[in-house]
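**Q** heads up, no residue letters with this:
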């Protein structure tokens, strides 16, 4: 299973004016790992699919901002 | 020819009157990687692309107009009854001077939409790779918009739109796969 986020750790100078962000993350959505959709993938129900924005469970990768993540108890 | 369905692709609800958020969202309306640019790019490219993927460009280009309509609805609702003072406080004073509370095709920095945002190279692979890049850029824009927004209802709709960008990108990658496919051909490498 691929992760939907990757991170890297850029150099932070002791003279950086802003509080350094030591870990930077970026999005790597599932479609990057499946360039051609195979047949018979698991599907959402029609109502779930509308909510998710896709019929295919394997391509669902929602984005939440930090406030929403905190509200959801840290889970993405 | 198109058939118009008089409803949005996904519901748009707005929690608070927040013209500042509208100022940011307009990026996806008239910005370089916005829905208008996407729709015009795909619907224009389909005339000079192999038959097998014309339908895909028509479908996605059409859906981008449905997204444009959702963004328009968000911006409209966020600024609908905003007073000139509220517009000014939200950094939309210059917009108000020219447009009142009307929507206009410009980006978050107020730069008007231009056709130079899109290209049509005529080479199918070059065009499809541009489309993939456009979808990824639009996905990223939605991420930054969700990060900027504190409106849970708007974020719900933005998340839907971001997921659609992921699916569109996948479909364009598949289109490249179809065009470069060697299957069924007697070819030995």
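**A** Happy to help now that I have it. Given the structure is predicted, the values throughout are model-derived calculations rather than measurements.
**Q** Can you show me the helices along the chain?
**A** In the absence of a named chain, this looks at chain A. Assigned by DSSP state H, the helices in chain A fall at A:46-52, A:66-71.
**Q** meant chain B actually
**A** B:19-25, B:27-30, B:35-45, B:51-79, B:84-89, B:93-99, B:124-148, B:152-180.
**Q** Check which helices and strands the first one sits against.
**A** Put plainly, it is helix B:19-25. Under the contact criterion of 3 or more C-beta pairs under 8 Å, 6 or more residues apart in numbering or on different chains; DSSP states H and E, helix B:19-25 touches helix B:51-79, helix B:84-89, helix B:124-148. Where C-beta positions appear, they are placed from N, C-alpha and C, glycine not excepted.
**Q** quick one: which of these is nearest chain A?
**A** Across the helices and strands packed on helix B:19-25, chain A has its closest neighbour in helix B:124-148 (4.5 Å, C-beta to the nearest C-beta).
**Q** Nearest to chain B: which residue in chain A?
**A** residue A:53 (3.0 Å).
**Q** So for the nearest residue to that residue once chain neighbours are set aside, what's the pLDDT?
**A** Using C-beta to C-beta, 6 or more residues apart in numbering or on different chains and skipping residues adjacent in sequence, the residue nearest residue A:53 is residue B:163, 3.0 Å away. According to the prediction, residue B:163 has pLDDT 97.
**Q** Look up how far residue A:62 lies from residue B:163.
**A** 7 Å (C-beta to C-beta, to the nearest Å).
**Q** Might you enumerate the residues of chain A proximal to chain B?
**A** Residues of chain A lying close to chain B (C-beta under 8 Å from any C-beta of the partner chain) are A:27, A:29-31, A:34-37, A:50-54, A:56, A:59-68.
**Q** tally of neighbours for residue 40?
**A** Picking chain A for this. 5 (other C-beta atoms under 10 Å in any protein chain shown).
**Q** ah, I was thinking of chain B
**A** 18.
**Q** which parts of chain B sit against chain A?
**A** B:10, B:139-140, B:142-143, B:146-150, B:152, B:155, B:159-164, B:166-167, B:169-170, B:173-174, B:177.
**Q** ok, of those residues, which come out buried?
**A** Burial by neighbour count, judged by 16 or more other C-beta atoms under 10 Å in any protein chain shown, picks out B:10, B:139-140, B:142-143, B:146, B:148-149, B:155, B:159-164, B:166-167, B:169-170, B:173-174 from the residues of chain B next to chain A.
**Q** Please tell me the pLDDT value assigned to residue A:2.
**A** On pLDDT, residue A:2 comes in at 69.
**Q** Over to residue A:35?
**A** On the pLDDT scale, residue A:35 gets 80.
**Q** Quick check, it in contact with residue B:173.
**A** Yes - here residue A:35 reaches residue B:173: they are 4.7 Å apart, a contact under C-beta atoms under 8 Å.
**Q** Report the contact partners of the most centrally placed residue in chain B.
**A** For chain B, residue B:35 is the residue whose C-alpha lies nearest the centre (C-alpha atoms, centre = their mean; 2.0 Å). Applying C-beta atoms under 8 Å, 6 or more residues apart in numbering or on different chains to residue B:35 gives the contacts B:28, B:29, B:64, B:65, B:67, B:68, B:71, B:138.
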